[in-house]
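Visitor: Let's see this in three dimensions:
(chains A and B)
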Amino acid sequence: DAGVIQSPRHEVTEMGQEVTLRCKPISGHDYLFWYRQTMMRGLELLIYFNNNVPIDDSGMPEDRFSAKMPNASFSTLKIQPSEPRDSAVYFCASSRDRRTYEQYFGPGTRLTVT
Amino acid sequence: AQSVTQLGSHVSVSEGALVLLRCNYSSSVPPYLFWYVQYPNQGLQLLLKYTTGATLVKGINGFEAEFKKSETSFHLTKPSAHMSDAAEYFCAVRTYTGGFKTIFGAGTRLFVKA
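Guide: Coordinates of the predicted model:
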């Protein structure tokens, strides 16, 4: 299996622009998680899906952030408009195990908003 | 509230020395505990996990951890550090807040000196 795939790996954009991050989970995994990692706040869970349905979005910072999972093999995290404080590494992870929630992480997208 | 505390944001050891990374948790449900490792510019990778049964858990790359309920601890050890162990290590707990989630600690960066 190719593992969790994220694109792009790096994104540099100007403040006010829309940013879309993409994720393909491991086939057969029905849980998908979006995290944000920064030096100041560490690893934060933004939202997670089960069977393509958002279960908990309490970590989404504000209305500028939105996430979708139109099918079992694709999810997006969108920021509009982007701000410099959104600069971070965004990770997608997936899980099959309903009992332990052992997660498999993608390589991350490093977002820089200037 | 459920939480994970990693003692020491940075740990430095000499090559060949014992590695000890400390983790304490709190959980309102029977804890499932994890250690993940993150190498530079990569996503997190599972090192080991405790669910039930034997409290001493062995993982990849010679690491092991012991679940001590009385101390609410899950410290990570390796008898002999190798240069390739230099990375950031995250302790995590599966917890329940109206739905199961994984809470990650702030991370401990391990430096290995030659």
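Visitor: Tell me who's in contact with residue 74.
Guide: Answering for chain A, as no chain was given. With contact set as Cβ atoms under 8 Å, 6 or more residues apart in numbering or on different chains, A:F74 has these partners: A:R22, A:C23, A:K24. Just so you know, the C-beta spots here come from the backbone N, C-alpha and C atoms, and that holds for glycine as well.
Visitor: was after chain B, sorry
Guide: Counted by Cβ under 8 Å, 6+ apart, B:F74 has contacts B:C23, B:N24, B:Y25, B:L33, B:W35, B:Y50, B:A65, B:E66, B:F67, B:K68, B:C91.
Visitor: Give me the buried subset of those.
Guide: Neighbour-count burial (16 or more other Cβ atoms under 10 Å in any protein chain shown) is assigned, among the contacts of B:F74, to B:C23, B:N24, B:Y25, B:L33, B:W35, B:Y50, B:A65, B:F67, B:C91.
Visitor: For those residues, give me TSV that also has distance to A:R110 and secondary structure.
Guide: Shown next, in TSV, are the buried ones among the contacts of B:F74 (distance: Cβ to Cβ, whole Å; DSSP: H, G, I helix; E, B strand; the rest coil):
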residue	distance to A:R110	secondary structure
B:C23	27	strand
B:N24	31	strand
B:Y25	30	strand
B:L33	29	strand
B:W35	24	strand
B:Y50	32	strand
B:A65	30	strand
B:F67	35	strand
B:C91	24	strand
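Visitor: so can I have JSON lines of those showing distance to A:R9 and pLDDT?
Guide: JSON lines is the format used below for those (distance: Cβ to Cβ, whole Å; pLDDT from 0 to 100):
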{"residue": "B:C23", "distance to A:R9": "30", "pLDDT": "97"}
{"residue": "B:N24", "distance to A:R9": "35", "pLDDT": "96"}
{"residue": "B:Y25", "distance to A:R9": "33", "pLDDT": "93"}
{"residue": "B:L33", "distance to A:R9": "31", "pLDDT": "93"}
{"residue": "B:W35", "distance to A:R9": "26", "pLDDT": "97"}
{"residue": "B:Y50", "distance to A:R9": "33", "pLDDT": "93"}
{"residue": "B:A65", "distance to A:R9": "31", "pLDDT": "98"}
{"residue": "B:F67", "distance to A:R9": "36", "pLDDT": "95"}
{"residue": "B:C91", "distance to A:R9": "27", "pLDDT": "96"}
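Visitor: What helix or strand is the residue in chain A sticking out farthest from the centre located in?
Guide: The C-alpha centroid of chain A is most remote from A:R99, which lies 21.9 Å away (Cα atoms, centre = their mean). Using DSSP states H and E, A:R99 falls within no helix or strand.
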